[in-house]
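Novice: sharing a sequence plus its predicted fold:
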2 protein chains.
Amino acid sequence: MICVDYLSLPDTVGNSTESTTVDGINLDEIKEFARQFKIRRLSLGLTQTQVGQALSATEGPAYSQSAICRFEKLDITPKSAQKIKPVLERWMMEAEERYKNGVDNLTDFIGSEPSKKRKRRTSFTPQALDVLNQYFERNTHPSGAEMTDLSEKLNYDREVIRVWFCNKRQALKNTIKKLKHDTP
Amino acid sequence: MICVDYLSLPDTVGNSTESTTVDGINLDEIKEFARQFKIRRLSLGLTQTQVGQALSATEGPAYSQSAICRFEKLDITPKSAQKIKPVLERWMMEAEERYKNGVDNLTDFIGSEPSKKRKRRTSFTPQALDVLNQYFERNTHPSGAEMTDLSEKLNYDREVIRVWFCNKRQALKNTIKKLKHDTP
DNA sequence: AGCATAAATAATAA
DNA sequence: TTATTATTTATGCT
């Protein structure tokens, strides 16, 4: 792959009023767009992965997280950059538009994975333990919010819940280690 | 530590013209500043680590990457937030000022390590991977001495070995999670 | 151009 | 705070 190092071009072009172009492609413009794109993406709180998945979900060409990564760094040929730019531009425009109408609207557009935090009834009595174990099977690392949620639902101190998960993870680790050990 | 959950406070305060305050501290203001601070930091292309290091380098109180992280998430007491806010505000102001005068000026301010190019991705030989995997089967947490030993034996940088074990443990965990998921 | 995974960054535990 | 884990980004392959 022939790749012009246009990221390293000086920021200040003092030699003329002309833009830096290659094959009729305005590199300065693309460079600036890439920079702005990243800032806008982060402002929306989105990851490259999310953008990639969203682009794959909607019509138009699909791009992976790797593609987004390479575009932002302009680690691609000018021709490729020129091709992907309008796609990202259009997508970002819509994402920002939806963001104004509320985060839910954006989330919807992203096609997100909001279901990842689903919780069940929980706790320490035999019933509670049942619930905790089931939760652990789905997610060994609940977030702070998830644990607070659990503690309230089960009427146990939050710290108790946190410790339970710590111990459970430890136990899992030990079990695995032992299993691997016992079968040489 | 008593920590008011002011992150969850409603964005729209419709009940009065007063701001949400605790101990005379304007929480809404701090919350908004934290949000903006993150965006501004990212706009300058800075990491939490860099900001932390820069703050440690200059006069005034020193804050670690963790501190920056917690401030941005407001995972601190209102009192702490109130204390760190002006420090960050002042610092960010100067950083942006210098950024206008060129990235080098900012870099200089950051006290950076500009030569800190990303490390080249290490490529392990099949033989080395064999040894590492065998070792991992017996012990997922080799001691410092053991890792030094391995690095010398395999002729790889010790840090590379350490990271390999980190990633390997991660992979193991993910695999287990997925396996449990796929077999209900 | 995408997969697998190494490395960097952010978050959390200790 | 420092140490470690979790998450995100970047890169060697092909």
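Specialist: Sure thing, it's come through. Numbers count the residues shown, from 1 in each chain, chains lettered A, B, ... in the order given.
Novice: who are the contact partners of the residue of chain A found nearest DNA strand D?
Specialist: Relative to DNA strand D, the nearest point of chain A is A:T47 (3.2 Å; C-beta to the nearest atom of the strand). Every C-beta, even on glycine, is put in place using the N, C-alpha and C of the backbone. By C-beta atoms under 8 Å, 6 or more residues apart in numbering or on different chains, the contact set of A:T47 is A:Q65.
Novice: need the pLDDT of it.
Specialist: A:T47 carries a pLDDT value of 86.
Novice: next, it: phi, psi?
Specialist: Dihedral pair for A:T47: phi -100, psi 160, per degrees, to the nearest 10.
Novice: same question for A:M92.
Specialist: Main-chain torsions, A:M92, degrees, to the nearest 10: phi -60, psi -40.
Novice: count of neighbours near it?
Specialist: A:M92 has 18 neighbours, counted by other C-beta atoms under 10 Å in any protein chain shown.
Novice: just the one 5 residues further on next, same as before
Specialist: Other residues near A:E97 come to 12 when the count uses other C-beta under 10 Å.
Novice: shouldn't it be within a strand?
Specialist: No. Assessed with DSSP: H, G, I helix; E, B strand; the rest coil, A:E97 is helix; it does not lie in a strand.
Novice: from DNA strand C, how far out is it?
Specialist: From A:E97 over to DNA strand C the distance is 25 Å, taken as C-beta to the nearest atom of the strand, to the nearest Å.
Novice: could you report the pLDDT at A:P126?
Specialist: What the model reports as pLDDT for A:P126 is 58.
Novice: show me where pLDDT drops low in chain A?
Specialist: Low-confidence segments of chain A, defined by pLDDT under 70: A:1-19, A:22, A:59, A:103-105, A:108, A:110-135, A:137-184.
Novice: now with 80?
Specialist: Applying pLDDT under 80 to chain A flags residues A:1-25, A:56-62, A:75, A:102-184.
Novice: okay, now the domains of it?
Specialist: Residue ranges for the domains of chain A, per automatic domain parsing: A:6-110, A:116-182.
Novice: which residue is the nearest non-sequential neighbour of A:L55?
Specialist: In this structure, A:L55 finds its nearest non-sequential neighbour in A:Y63, 4.9 Å apart by C-beta to C-beta, 6 or more residues apart in numbering or on different chains.
Novice: what about the one you found, neighbour count?
Specialist: A:Y63 has 22 nearby residues by other C-beta under 10 Å.
Novice: try A:Q50
Specialist: If we define neighbours as other C-beta under 10 Å, then A:Q50 has 20 of them.
Novice: equivalent analysis for A:T107, please.
Specialist: A:T107 has 15 nearby residues by other C-beta under 10 Å.
Novice: same deal with A:M93?
Specialist: 11.
Novice: go on, A:N26?
Specialist: When neighbours are counted by other C-beta under 10 Å, A:N26 registers 16.
Novice: wait, isn't it in contact with A:T20?
Specialist: Yes. Between A:N26 and A:T20 a contact is recorded at 7.5 Å, counting by C-beta atoms under 8 Å.
Novice: residue of chain A with the smallest distance to chain B?
Specialist: Closest contact between chain A and chain B, by C-beta to the nearest C-beta, is at A:L42 (4.7 Å).
Novice: surely that residue and B:I39 touch.
Specialist: Yes. Counting by C-beta under 8 Å, A:L42 sits close enough to B:I39 to count as a contact (7.1 Å).
Novice: which parts of chain A sit against DNA strand D?
Specialist: For chain A, the residues in contact with DNA strand D (C-beta under 7 Å from any atom of the strand) are A:42, A:47-49, A:65-66, A:69-70, A:72-73, A:75, A:140-141.
Novice: counting contacts, what elements does the helix or strand hosting A:Q53 pack onto?
Specialist: If you go by DSSP states H and E, A:Q53 is part of helix A:48-57. Contacts defined by 3 or more C-beta pairs under 8 Å, 6 or more residues apart in numbering or on different chains; DSSP states H and E place helix A:48-57 against helix A:65-73, helix A:78-100, helix A:103-110.
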